[in-house]
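*Asks:* Pasting the sequence and the predicted coordinates here, then a few questions.
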Amino acid sequence: MAATNSLIISLRLSSPRETHTEREKAVELEQQLKAVLLRAGAGELDGDEWGRATLTLFFYGLDADRLLTIVEPILGTKVFGRCQGRQRRRRGGGQHLMG
């Protein structure tokens with residue numbers, strides 16, 4: 001059985017507590033991400049976590065680099081509130097990537 005990789009992307013929010021607008025945009029963003037991943041057959045968006053002025057998205061698939069290649073263009077075109085930054089972590093096979 002092939003190893004599953006995870007891709008974790010953290011988006012900084014505009015304030016310590018998310019706004020209603022940010023919640024709405026997150027729902028729209030997640031729907032788009034799920035659809036593109038399904039079409040590509042690359043993996044899935046497993047969920048999100050809100051806290052400490054951050055929205056964290058959890059992705060799983062066979063290739064973390066491919067996941068990133070597919071989702072990054074969507075993240076780059078969405079204005080997520082006043083998104084101030086992103087952090088990526090890739091896990092799988094003992095490798096970690098932070099950027």
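*Replies:* Received it, and whenever you're ready, just let me know what you need. Numbers count the residues shown, from 1 in each chain.

*Asks:* Check which helices and strands the helix or strand containing residue 35 sits against.
*Replies:* According to DSSP states H and E, residue 35 maps onto helix 20-40. Applying 3 or more CB pairs under 8 Å, 6 or more residues apart in numbering; DSSP states H and E, we find helix 20-40 packed against strand 43-51, strand 54-61, helix 64-77. C-beta here means a position set from N, CA and C on the backbone, and glycine is covered the same way.

*Asks:* distance between that helix and the chain's centre?
*Replies:* When distances are taken as CA atoms, centre = their mean, to the nearest Å, helix 20-40 is centred 9 Å away from the chain's centroid.

*Asks:* If you count neighbours, what's buried in it?
*Replies:* Applying a neighbour-count criterion of 16 or more other CB atoms under 10 Å, the buried positions in helix 20-40 are 22, 25-26, 29, 32-33, 37.

*Asks:* Would you format those as TSV with pLDDT and distance to residue 73 included?
*Replies:* Shown next, in TSV, are the buried residues of helix 20-40 (pLDDT from 0 to 100; distance: CB to CB, whole Å):
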residue	pLDDT	distance to residue 73
22	83	21
25	86	17
26	88	18
29	91	13
32	94	11
33	95	11
37	96	12
